[in-house]
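Novice: got a sequence here, can you model it:
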Amino acid sequence: MDKILEAVVTSSYPASVKQGLVRRVLEAARQPLEREQCLALLALGARLYMSGTEELPRRVGCQLLHVAGRHHPEVFAEFFSARRVLRLLQSGSGPPGARALACIQLGLQLLPDGPAADEVFALLRREVLRTVCERPGPASCAQVARLLARHPRCVPDGPHRLLFCQQLVRCLGRFHCPAEGEEGAVEFLEQAQQVSGLLAQLWRAQPAAILPCLKELFAVISCTEEEPPSSALASVVQHLPLELMDGIIRNLSNDDSVTDSQMLTAISRMIDWVSWPLGKNIDKWIIALLKGLAAVKKFSILIEVSLAKIEKVFSKLLYPIVRGAALSVLKYMLLTFQHSHEAFHLLLPHIPPMVASLLKEDSNSGSSCLEQLAELVHCMVFRFPGFPDLYEPIMEAIKDLHVPNEDRIKQLLGQDAWTSQKSELAGFYPRLMAKSDTGKIGLINLGNTCYVNSILQALFMASDFRHCVLRLTENNSQPLMTKLQWLFAFLEHSQRPAISPENFLSASWTPWFSPGTQQDCSEYLKYLLDRLHEEEKTGVRICQKLKQSSSPSPPEEHPSPSSTSVEKMFGGKIVTRIRCLCCLHVSCREEAFTDLSLAFPPPERCRRRRRLGSVMLPVEEVRAQDLPPPPVSQTLSQEGSRRQRKHCITWDAPPTVLDIAGLSSQGAVEENEGQQVNREEEKVEQTEKEREVGQEEDNEERTKEKGKKDDEVEEEEEKVEKEKEKEAEDEKEKVVDSHGPGTPRDATTSSVEQVCGPEGSRSVLDLVNYFLSPERLTAENRYYCDSCASLQDAEKAVELSQGPRYLILTLLRFSFDLRTMRRRKILDDVSIPLLLRLPLAGGQGQAYDLCSVVVHSGVSSESGHYYCYAREGAARLPPSLSSVDRPEPENQWYLFNDTRVSFSSFESVSNVTSFFPKDTAYVLFYRQRPGEGPEAEPGSPRVRAEPTLHKDLMEAISKDNILYLQEQEKEARSRAAYISALPASPHWGRGFDKDKDEDEGSPGGCNPAGGNGGDFHRLVF
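Specialist: Purely as a prediction, here's the structure:
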């Protein structure tokens, strides 16, 4: 029967004839047969199944085996013995073929249970391990996987199972697609998926095998001596449990036995796996490994692999099946590569054609990819400005796509930078300094230089001024402004957590300051702005002379000098008027100012506030205010020195107190003053009554109309004049009774101070009103009237004629005690409004939003510490009419404390003195509301985008960022080497990575590390 069947199959009869004859033979085979006949049929079936070149012989062989196995199981068990299986596996040279393995799988399906079957399974457990070790091809290996998946009893057991899993990994590394074209690629993918599926099945049964298999996987992809392994290894990664990711990456990135070359090779080959179409979670593992390398500061590997692979990853965006993973890896690589524009610029030629292809695709996947790609491009252009010629084609390509706002861009840039990665993945290391989560950069304290750092951070956060400085051209005659430009540029673009302002500090050093000692930050600010102003004027004159000398044409008339940057940003104008009370002649003078020094009014001024301006707290509404007679100036020469005594009086000490900080700009301070302090103690008993009267007077004054009669004004002036004349006689006696700075604060809090208690506490409104209040010049302070040609009583007042874009207010807290001959500090809390409206000449008002507060911590100007609260003082859209008198929506506040930068809030700014009595607001920066100042014209729009830096500056920043990454990597390696030599101690570094909010405690004293900062590689300016 077997010979007849073989002859029929190999004959040239038509297929229909052959099939009919085969059916008859198979029907006969279902009947009882002799043993020899049955064995002969089984041998024929195996031979046809193994060696058949056509489909019919193979199908006939398979049918014969099925019929004999089902109807003659005893004979089939005898035929399909262990010896037969071994002979099938060893047929031919090298690993067994796929047909032999398929034949064995078919035989196992028909083999009945019993001793023979046990012997076969024992043989296969040994032989499949040997087969895998011989590195079979994809087809044979996939057949082994199918065999073992169908018959788990063939899987090696005991210690051989782990070895088998590891060898399967190595087999996948040797896979290569044998055929070209779509069909061959699909078959290859299916074969790799079957092998990796077997691995996943084995891992579920034995989870302990996962880590050894991963070590084998890393050994394969990190080997630099062999040819690159197959991307089929990517199919293994999709089966790894994600909950193991952190531990695996931590161990791998901190493994000292892994060389940089091995790690670079491994991560490069993993990034190539992005092209594997059926891989799941591959992008997550790639990004996790990149983050792990950043956490342990292995920046050289990250730089090299990013530059080598970013173009290849970008090219995968063309293929929808791998687009998601490729886009995730691309976003991470670009957003982390922030120290240099090199990686982004590699993609510039490829972006326009990619955008065109995605637009042409017109699919949901393509549209989503386009939106994310456009967002990514805008982030990179924002991060690396200064290349308009290179960016023009790509901006043209994405012009119709969504443009993210600046907050979104800064969020993306801030969350993924290498230097922003925390060290959770290297928790047993000492903490490596990373850039603040805020994205802001600190300034290193060079030894009692916190007064410089706080002022520089406040100026940097004044966005308009920062943009003006950053736009400075290369060839200019302003060396100090150029140094400030470099400092601001590094504060904006550096990857360091903090930089050193040493070069800028030495260039802007105030000559009368002593090195290494604490100084007055307000005094430094005034000197710095004066220097920048004078330097720019000098530079303009030099440029004009050079142009004239090089021009052959006759010199033209000099145009009127334009305003300097300091004048544009901080310059305002103030008008002083002095009216002789005899002949009523009025003299006027207008002067420029860059800051206003606000003295503290005496206590009775807290009870009787003159509503000359309006200050807006978040819950208050601004009402129409009556403008008083022209207010008072403190910036004049002779008259200013007389006025200055009023600004330096302290309310808690009756005697005259001089303010040394204001002498440089406002002249000498006269010894005697005409303040009403003599009768204050006599009025304490009537405090409550007077407070009620004062409140009634406030309400009346707020409701008075602007055009009130002159006789009402005269009555008020005469009343004030009489009071001052009565109290002037006792002024000198009060000087002797002054309290010294060594007196406890409670002891110096007299009953007079309590008049300005919680209900009458001071605010910036009180200080501004006191500054603008009129002053009588009588007795020794009489004014020389040119019309009368003699000294006459007069009235002096000041008013603001033009408000600056940035209003700087200095609260004169440091005063001089004549009794002790020492400087002392006024520790009273002053409420700071978010919105301040200043009165201008002509009855107009100017709205200002708070943007920075410099705080002094301590009891004296010669000691203590400065730090700064600030938010972006950036221009916004002009407010609507309904929101003019409402505070600006609060931007994010930051606390700059030397090297330490943290998030904060306006609540912290407002309550700092309540929690820490020695920490008081000292210098305030207010920003003019857009649309209200003279500079808010259509021809001069304000933009928030950071300006373009010139090429040399960008290259310097990129080089320093690379240097910093190298420094951090070197430091991490040295620390790792040191720690590896230490005895094991699981608790020694506990709590190292726990950040404490800066607001939890007072910033403390001033020291070189400053702001709880650590040791830094200093970048010097």
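Novice: give the other helices and strands that the strand or helix carrying L373 contacts.
Specialist: L373 belongs to helix 364-383 when elements are defined using DSSP states H and E. Where contact means 3 or more CB pairs under 8 Å, 6 or more residues apart in numbering; DSSP states H and E, helix 364-383 is packed against helix 320-336, helix 351-361, helix 388-397, helix 406-416. Any C-beta I mention is one placed from the backbone N, CA and C, and that applies to glycine too.
Novice: neighbouring contacts of that helix?
Specialist: 317, 320, 323-324, 327, 330-331, 334-335, 338, 341, 344, 351, 354-355, 358-359, 391, 394-395, 398, 401-404, 406, 408-409, 412-413, 493, 945-946 (CB atoms under 8 Å, 6 or more residues apart in numbering).
Novice: determine which stretch of the helices and strands packed on helix 364-383 is the most buried.
Specialist: helix 320-336 (a mean of 20; mean count of other CB atoms under 10 Å).
Novice: so which bits of the helix or strand following that helix are buried?
Specialist: Once the chain leaves helix 320-336, the next helix or strand it forms, by DSSP H and E, is helix 342-347. For helix 342-347, a neighbour-count test (16 or more other CB atoms under 10 Å) marks 343-344, 346-347 as buried.
Novice: list the helices and strands helix 342-347 packs on?
Specialist: Helix 342-347 packs on helix 299-315, helix 320-336, going by 3+ CB pairs under 8 Å, 6+ apart.
Novice: tell me the spacing between the residue lying closest to K298 once chain neighbours are set aside and I303.
Specialist: Counting by CB to CB, 6 or more residues apart in numbering, the nearest residue to K298 once its immediate chain neighbours are dropped is E969, at 5.7 Å. Going from E969 to I303 by CB to CB, to the nearest Å gives 10 Å.
Novice: try F218
Specialist: 21 Å.
Novice: by residue count, what's the longest strand in this structure?
Specialist: strand 845-857 (DSSP state E).
Novice: partner strands of it, with direction?
Specialist: Sheet pairing here is set by DSSP bridges, and for strand 845-857 it gives strand 835-839 (antiparallel), strand 865-870 (antiparallel), strand 919-928 (antiparallel).
Novice: which one of the ones you listed lies nearest to R900?
Specialist: Comparing the strands paired with strand 845-857 against R900 with CB to CB, the closest turns out to be strand 865-870 (8.8 Å).
Novice: got the contact list for the closest one?
Specialist: Applying CB under 8 Å, 6+ apart, the set of residues contacting strand 865-870 is 450-451, 453-455, 457-458, 461, 521, 851-858, 893-898, 904, 908-909, 912, 922, 925, 1003-1006, 1011.
Novice: am I right that A200 is in contact with V237?
Specialist: No - A200 lies out of contact with V237 (CB atoms under 8 Å); the separation is 10.9 Å.
Novice: show me which of the two is the more surrounded one.
Specialist: Using other CB atoms under 10 Å as the criterion, A200 and V237 rank with V237 on top: 21 against 15.
Novice: residue contacts, the more buried one?
Specialist: Counted by CB under 8 Å, 6+ apart, V237 has contacts 273, 279, 281-282, 285.
Novice: and with 7 Å instead?
Specialist: 279, 281-282, 285 (CB atoms under 7 Å, 6 or more residues apart in numbering).
Novice: so where's the stretch 101-250 of the chain uncertain?
Specialist: Residues of the stretch 101-250 of the chain that meet the criterion pLDDT under 70 lie in 178-180.
Novice: same question for the stretch 551-700 of the chain.
Specialist: 551-561, 603-700.
Novice: neighbours of the nearest residue to Q206 once chain neighbours are set aside, how many?
Specialist: Distances taken as CB to CB, 6+ apart put R161 closest to Q206, at 6.5 Å, once the chain neighbours are dropped. For R161, the count of nearby residues is 17 (other CB under 10 Å).
Novice: what about R161, distance to L86?
Specialist: Distance from R161 to L86, by CB to CB: 21 Å.
Novice: then L242?
Specialist: From L242 to L86 the distance is 42 Å (CB to CB).
Novice: comparing those two, which residue is more hemmed in?
Specialist: L86 (15 against 10).
Novice: excluding its backbone neighbours, what's nearest that one?
Specialist: Using CB to CB, 6+ apart, the closest residue to L86 is L123 (6.2 Å).
Novice: the one you found touches A82, doesn't it?
Specialist: Yes - counting by CB atoms under 7 Å, L123 does reach A82; the two are 4.6 Å apart.
Novice: point out where the stretch 301-450 of the chain drops to low pLDDT.
Specialist: Ranges of the stretch 301-450 of the chain meeting pLDDT under 70: 386, 416, 418-436.
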